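# model the structure of this input:
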Amino acid sequence: MARLVIFGEPHDPRKWVKVANKISARIVYRRYPPGEWVPAFPVISAELGVSYSTAMKAMRVVHEQGLVSKAGTNGFCVGNGLPPPSR
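Predicted coordinates for the structure are as follows:
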């Protein structure tokens, strides 16, 4: 199981930090299981009530921590060492 990565300080007010922490928790607790696609930015934006650019920033830092891998222009896949599934 992946480890929970905490971004920012405990009460960091930046929206991208809160979104990155929610995505990280969803990966660790298997809401987004290994090998599956993370929802697209518009879906994350709508679901969490943030802008598209906030969702993008959050995914960028989640990616930098190795929790997801970028799959070309198709989006992000939860890391597990396997190639992403076809869309």
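# so Leu67 versus Ser51, what's the distance?
21 Å (C-beta to C-beta, to the nearest Å). C-betas here are computed from N, CA, C, even on glycine.
# those two - which one has more neighbours?
Leu67 (24 against 13; other C-beta atoms under 10 Å).
# isn't the more buried one right up against Arg26?
No. Judged on C-beta atoms under 8 Å, Leu67 makes no contact with Arg26 at a distance of 9.9 Å.
# so what does the strand or helix carrying Asn21 touch, helix or strand wise?
If you go by DSSP states H and E, Asn21 is part of helix 15-28. Applying 3 or more C-beta pairs under 8 Å, 6 or more residues apart in numbering; DSSP states H and E, one finds that helix 15-28 contacts helix 41-48, helix 52-64.
# what comes up buried for the longest one?
With burial defined by 16 or more other C-beta atoms under 10 Å, the residues of helix 52-64 counted as buried are Thr54, Ala55, Lys57, Ala58, Met59, Val61, Val62, His63.
# so Arg30, which of the three states?
Reducing the assignment at Arg30 to three states with DSSP: H, G, I helix; E, B strand; the rest coil gives coil.
# residues contacting it?
With contacts defined as C-beta atoms under 8 Å, 6 or more residues apart in numbering, Arg30 has no neighbours.
# tell me how far the residue with the largest distance to the centre of the chain lies from Lys18.
Largest separation from the mean C-alpha position in the chain: His11, at 19.4 Å (C-alpha atoms, centre = their mean). Note on His11: its distance to Lys18, by C-beta to C-beta, is 10 Å.
# give me the neighbour count for the residue lying closest to Asp12 once chain neighbours are set aside.
Spatial nearest neighbour of Asp12, excluding adjacent residues (C-beta to C-beta, 6 or more residues apart in numbering): Lys18 at 7.4 Å. Neighbour count for Lys18, taken as other C-beta under 10 Å: 17.
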